[in-house]
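Undergrad: Just the structure for this:
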Amino acid sequence: MVSMKDISETCGVSIATVSKALNGRTDISTSTKERVIEVAKKMGYVPNSSARALKTNRTYNIGVLFADEARSGLTHSYFSPVLDSFRQGVEEKGYDITFLGRHVGKSELSYSEHSKYRGVDGVIVACVDFEAEEVKELLQSGIPVVTIDYIFNDKACVMSDNIRGMEQLVSYIIQCGHKKIAYIHGADSFVTRSRIGSFLRTMKRYGIETEDRYIREGIYHAPDVSAKITHELLSLEDRPTCIVYPDEFSCIGGINVIRSKGLTIPNDISVAGYDGQRIARVIEPKITTYRQNTEQIGRVAATKLVELIEQPELALVERLDVQGELIRGCSVLSMK
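TA: Reported below is the predicted structural model:
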C-alpha cells in the first residue's frame, strides 16, 4: 500500500508537506500542493480512514434520513437524483453515507439513536414527516443537519424555488392566452402550500379570478388519481383550457383520459407538468414543465452539510434556494 513516505520520496518533499497538501492546508505553495496531489493519485494513494478519524474526531460518515410514504426508495423520481448528487458531493470530500432507519438487526431504534449508533458526523433529511416526534428528536439532537425542501426552526435547508417555479410556469400559460387554468396539486406539505400560493398569487397578478372547482387535490406521482380528477374537470360544463399537474407521472394519467375522450393535446386542451423528470422527455407531445435542478440541490446540500461539520463556528444556518428552468414544450396551445 502506498504511504505518505512513498509520496514524499517521489516528490522530494517532507512527509509533513505531503500531509499538509493532502489535508488541504494553505501554508504551502499551490504548485507544491497540486504536484503532491497529482503524484498521490498516480500512485494510487488511499488515506487511512481510521487514522484520519482519530486525528479529526470525526467518522467521515454521513446519515441519510429518507422515508417517503409511498416507499419508493431510491426509485423516487425527484429525490433519487437529489440524493445521488448529494452522495457524489460528500464522497468527493472524503465522506461515506449511511441510510438511517428504525431497525438495526433485531433492535428497534429511533432515528436519533440510530445516528448515534452509527456515529454519523451529520445528517441530511428529505421526504419525511417533519411533524413526527422521532424526526423532531433527531433535528433537535444537536447533530449537524441539512433539510431538503423543508424549513425547520434553526436548521440549514436547501430548497427548490417552488414559488418562482410555479410563477414562471403559470405566467407562461397565461401569456399563451389561457385564463381558465386548472391545477391538480399534491397532498398537503410545505412544498404543496408554496406551489398553491404561488399559483393563486400569479393568477391574481394577471387579474384572473381562480375558480375553486379548478383547484383539485391529488397525490404526487399517482397517475390513477390524476386520471380520475381529469375526467371530472373535463366533465364540467365550462371546462378549463389548460390543466397543470403536480408532476409528469401524474400528467400521464391525465393524458390517457384526454385521449380516451377523443381529444387532442394541445388543440382541444392544454396540459403542463412540474419537476422536469426524465419521463417528460419522452411524452408526446413534449410537455411544458418546470424542471427542478435536482443535481444542484444535492450538490448544495452536500457542501453546506460538510461546512457545518468541519467549520461549525463559521458556517451559516441559512436557507439556500436553487433555481430551476422553464421548459417550453408543445403541450400548451397559444390562443393568441
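Undergrad: Spatially nearest residue to Asn267 (excluding sequence neighbours)?
TA: Leu333 (6.4 Å; C-beta to C-beta, 6 or more residues apart in numbering). Just so you know, the C-beta spots here come from the backbone N, C-alpha and C atoms, and that holds for glycine as well.
Undergrad: give me the element the residue nearest the centre of the chain is part of.
TA: In the chain, the centroid-proximal residue (C-alpha atoms, centre = their mean) is Val82; its distance is 4.2 Å. Element membership for Val82 (DSSP states H and E) is helix 79-92.
Undergrad: The residue lying closest to Tyr183 once chain neighbours are set aside: neighbouring residues, count only.
TA: Excluding its sequence neighbours, the residue lying closest to Tyr183 (C-beta to C-beta, 6+ apart) is Val244, at 4.7 Å. A total of 28 residues lie near Val244 under the criterion other C-beta atoms under 10 Å.
Undergrad: how close does Val244 sit to Lys136?
TA: Using C-beta to C-beta, to the nearest Å, one gets 33 Å for the distance from Val244 to Lys136.
Undergrad: Please apply the same query to Gln292.
TA: Distance from Gln292 to Lys136, by C-beta to C-beta: 26 Å.
Undergrad: Pull up the gap between the residue nearest to Tyr183 and Ser77, please.
TA: Shown here: Val244 relative to Ser77, a distance of 17 Å by C-beta to C-beta.
Undergrad: In contact with the residue nearest to the centre of the chain, which residues?
TA: Ala126, Ile148, Thr294, Ile297, Gly298, Ala301 (C-beta atoms under 8 Å, 6 or more residues apart in numbering).
Undergrad: which one of those residues sits closest to Val2?
TA: Within the contacts of Val82, the smallest distance to Val2 is 31.2 Å, found for Gly298 (C-beta to C-beta).
Undergrad: In which helix or strand does the closest one reside?
TA: Using DSSP H and E, Gly298 falls in helix 294-310.
Undergrad: repeat for Ser194
TA: Assigned by DSSP H and E, Ser194 belongs to helix 190-205.
Undergrad: The helix holding Val82 versus helix 294-310: what angle between them?
TA: Here helix 79-92 points in a direction 40 degrees away from that of helix 294-310 (axes from the mean of the first three to the mean of the last three C-alpha atoms, to 10 degrees).
Undergrad: roughly how far is helix 79-92 from the heart of the chain?
TA: Centre-to-centre, helix 79-92 and its host chain are 10 Å apart (C-alpha atoms, centre = their mean, to the nearest Å).
Undergrad: Show me which residues of that helix are buried.
TA: Residues of helix 79-92 classed as buried: Phe79, Pro81, Val82, Leu83, Ser85, Phe86, Arg87, Gly89, Val90 (neighbour count, 16 or more other C-beta atoms under 10 Å).
Undergrad: Give me the distance between the third one and His185.
TA: Spatial separation of Val82 from His185 under the definition C-beta to C-beta is 20 Å.
Undergrad: Likewise for the first one?
TA: When C-beta to C-beta is applied, the distance between Phe79 and His185 equals 18 Å.
Undergrad: For the stretch 201-336 of the chain, which segments count as strands?
TA: In the stretch 201-336 of the chain, the strands defined using DSSP state E, counting those that start in this stretch lie at 215-217, 242-244, 270-272, 289-291, 319-322, 325-327.
Undergrad: Asp304: how many residues sit nearby?
TA: Careful, residue 304 is Lys and not Asp. Residues near Lys304, counting by other C-beta under 10 Å: 23.
Undergrad: Apart from its neighbours in sequence, what residue is nearest Phe130?
TA: That would be Tyr150: by C-beta to C-beta, 6+ apart, it lies 5.3 Å from Phe130.
Undergrad: now swap in Leu236 and tell me
TA: Leaving aside its chain neighbours, Leu236 sits nearest to Arg213 (6.7 Å; criterion: C-beta to C-beta, 6+ apart).
Undergrad: Just the pLDDT for that neighbour.
TA: For Arg213, the pLDDT comes out at 96.
Undergrad: what does the one 10 residues further on give?
TA: Looking at Pro223, its pLDDT is 95.
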